[in-house]
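J.: Generate coordinates for the sequence data below:
(one chain, ligands or ions: 1)
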Amino acid sequence: MPAGVYLHIPFCKSRCSYCDFATDVWRSGDAVERYVSALCAEVLSHESGVESKSLHAPDSGLQTSDSIYFGGGTPSLLTPPQVEKILNSLSSVFSVANDAEITMEMNPATVTPETLRAYRELGINRASFGVQTFNDRDLKLLARGHDADDARNTFKMLRDAGFDNISLDLIAGLPGQTLEDWSRNLEEAIAMQPEHISLYLLEIHEGTPLANQIKSERRPLPDEDLAAEMYEVMLERLAVAGYKQYEISNFSRPGFASRHNTKYWRLEPVYGFGVSAHSFDGRERYANERDTAKYIQMIGNEKDAEVFRETPDVASEYIFLGLRLTEGVSLSGFRDMFGKDILSLYADDIGRIINAGLVEVSGDRMRLTKKGMLYSNEVFEVFV
Ligand code: SF4
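T.: Next up is the predicted model:
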């Protein structure tokens, strides 16, 4: 089973008002170089050649990776030589598949035609492009540090540089956002013809500037019913435009589902490197230190920045992560893997969520219904 690799690049040009990720304001020069060196040292200390501990068939020899993902933060602030250094480190400890999906998260106005062409030459073949909204008022509210024209121009630059697999991120449910605003966003996104669209409903995280503005009533509280309506409009509109929904928040043209993200939902191994990166090796989950300076220090001292490890209940995760996918969970697959029957294991609760119209069982598959996708947390609670 080929593994996924996640690389966390914590730098951003400025901090968005809703963000609670592990990010640092980008500084050119030494600070980024020091981080890249620490990241490479952590990658190189990865135990290569060990047998996969995956639930799935074990591999031997240098572990194969068919998916590499630069996430952040804003990885597109890295220079091509920095990206090359990281990819070279990975090639020493993983056997990177020839057809590997290599994704980089990119934000508008952080790249030039030259850097994009250099990324393509280095093998980056998928861009996850953080547009969020085409409405300049909402971009200001989110403190994104770019305007809608920056997003339009960067998208064109991506195409001109040869990116033929672009995922576009949008956020719905912004304070003050109307259904018409949202529909205009959707129409503009569809008109750009990206291969993949991800939609996130805005989450308000305690302690962020946006949360404080809402608390002090300078911004309205996002309306949950309206967000649900936005979700429904999106399902209909994207289906008509030829995008297939394959996960609660993800839609693609045929053949362009994200290989990397699908690994998380199918409970396949993904190794994370960098500050705050999480890993799952098939049996255990573990995570790195969240503070960048401490991360660099820990890697310098011990080549290890792990601060958390647990052995999760993989049977339960297999169900609630699998349910995120529109293909749902295979009942016989679960029986083969865990020797138990899902329907009898959760007999009472499954009856309740089926009667509530949140889940359906058809043949060998258990899936969320459209209503279940909107209220997925109620379903997942059953299996956690
Ligand atoms: S670009 Fe993303 S990671 Fe960076 S501050 Fe904004 S939301 Fe956070």
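
J.: starting at the chain centroid, how far to stretch 154-164?
T.: In this view, stretch 154-164 has its centroid 21 Å away from the chain centroid, taken as Cα atoms, centre = their mean, to the nearest Å.

J.: Please save the CA atoms from it in CSV.
T.: Taking Å, rounded to 0.1, in the frame of the first residue of the first chain, the C-alpha atoms of stretch 154-164 are listed here in CSV:
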residue,chain,number,x,y,z
THR,A,154,-2.9,33.8,-10.4
PHE,A,155,-5.4,31.2,-11.8
LYS,A,156,-4.4,32.3,-15.3
MET,A,157,-0.8,32.1,-14.4
LEU,A,158,-1.2,28.6,-13.1
ARG,A,159,-2.8,27.5,-16.4
ASP,A,160,-0.1,29.3,-18.5
ALA,A,161,2.6,27.5,-16.5
GLY,A,162,1.0,24.1,-17.4
PHE,A,163,-1.0,23.2,-14.3
ASP,A,164,-3.7,21.0,-15.6
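
J.: can I assume Pro69 is in contact with Leu7?
T.: Quick fix: residue 69 reads Tyr, not Pro. Yes: at 6.9 Å, Tyr69 counts as touching Leu7 under the criterion of Cβ atoms under 8 Å. Just so you know, the C-beta spots here come from the backbone N, C-alpha and C atoms, and that holds for glycine as well.

J.: of these two, who's got more company?
T.: Leu7 (27 against 24; other Cβ atoms under 10 Å).

J.: contact partners of the helix or strand hosting the more buried one?
T.: Using DSSP states H and E, Leu7 maps to strand 3-9. Contact with strand 3-9 is made by 22, 35, 39, 43, 52, 54, 63-75, 77-78, 86, 90, 94, 259-260, 263-264, 268-279, as judged by Cβ atoms under 8 Å, 6 or more residues apart in numbering.

J.: can whichever helix or strand comes after it be found next to the ligand?
T.: Next along the chain after strand 3-9, taking DSSP H and E as the criterion, comes strand 11-12. Yes: counting by Cβ under 6 Å from any ligand atom, the ligand is contacted by strand 11-12 at Cys12.

J.: Check the average confidence over strand 11-12, would you?
T.: When pLDDT is averaged over strand 11-12, the result is 94.

J.: what does stretch 330-339 give?
T.: pLDDT averaged over stretch 330-339 gives 95.

J.: got a list of what the closest residue to Ala161 other than its chain neighbours touches?
T.: Spatially, and ignoring its direct neighbours in sequence, Ala161 is nearest to Leu116 (3.6 Å; Cβ to Cβ, 6 or more residues apart in numbering). Counting by Cβ under 8 Å, 6+ apart, Leu116 touches 157-158, 160-161, 163.

J.: Got phi/psi on Leu116?
T.: Dihedral pair for Leu116: phi -60, psi -40, per degrees, to the nearest 10.

J.: when you give positions from now on, start the count at 396
T.: All right, first residue 396 from here; so that's Leu511.

J.: Of all the residues in the helix or strand where Tyr595 lies, which ones are buried?
T.: Take DSSP H and E as the rule and Tyr595 turns out to sit in strand 591-596. For strand 591-596, burial by neighbour count (16 or more other Cβ atoms under 10 Å) applies to 591-594, 596.

J.: other SSEs contacting the lengthiest helix in the chain?
T.: For the chain, the longest helix by residue count, based on DSSP state H, is helix 619-635. Here helix 619-635 touches strand 561-567, helix 574-587, strand 591-596, strand 639-642, helix 765-769, going by 3 or more Cβ pairs under 8 Å, 6 or more residues apart in numbering; DSSP states H and E.

J.: between the buried residues of strand 591-596, which is closest to the ligand?
T.: Nearest to the ligand among these, counting by Cβ to the nearest ligand atom, is Ser593 at 13.1 Å.

J.: if I look at that closest one, how far off is Leu565?
T.: In this view, Ser593 and Leu565 are 7 Å apart by Cβ to Cβ, to the nearest Å.

J.: same question, Asn580
T.: Counting by Cβ to Cβ, the gap from Asn580 to Leu565 is 6 Å.

J.: ok, Asn580 to the ligand distance?
T.: Asn580 is 17 Å from the ligand, where distance means Cβ to the nearest ligand atom, to the nearest Å.

J.: Tell me how many other residues surround that residue.
T.: Residues near Asn580, counting by other Cβ under 10 Å: 25.

J.: circling back: next, show the common contact partners of Asn580 and Leu565.
T.: Residues touching both Asn580 and Leu565 (Cβ under 8 Å, 6+ apart): Thr528.

J.: all strands of the stretch 596-745 of the chain, in order?
T.: With DSSP state E, counting those that start in this stretch as the criterion, the stretch 596-745 of the chain has strands at 639-642, 645-647, 665-668, 673-675, 680-683, 701-705, 724-725.

J.: Against which helices or strands is the last one packed?
T.: Going back to what we said before, that points to strand 724-725. Using 3+ Cβ pairs under 8 Å, 6+ apart, strand 724-725 sits against helix 709-717, strand 760-763.

J.: What lies in contact with the longest one?
T.: Judged by Cβ under 8 Å, 6+ apart, the contacts made with helix 709-717 from elsewhere in the structure are 450, 659-662, 678, 723-725, 729, 732-733, 735, 737, 761, 774-775, 778-779.

J.: tell me, what residue is most central in the chain?
T.: The geometric centre of the chain, computed from its C-alpha atoms, lies nearest to Asn656 (Cα atoms, centre = their mean), at 6.0 Å.

J.: Minimum distance to the ligand, which residue of the stretch 496-645 of the chain gives it?
T.: Taking Cβ to the nearest ligand atom, the stretch 496-645 of the chain has Asn502 as its residue nearest the ligand, at 5.4 Å.

J.: Might you report the residue contacts of that residue?
T.: Here Asn502 is in contact with 407-408, 469, 471, 524-525, 539, 541 (Cβ under 8 Å, 6+ apart).
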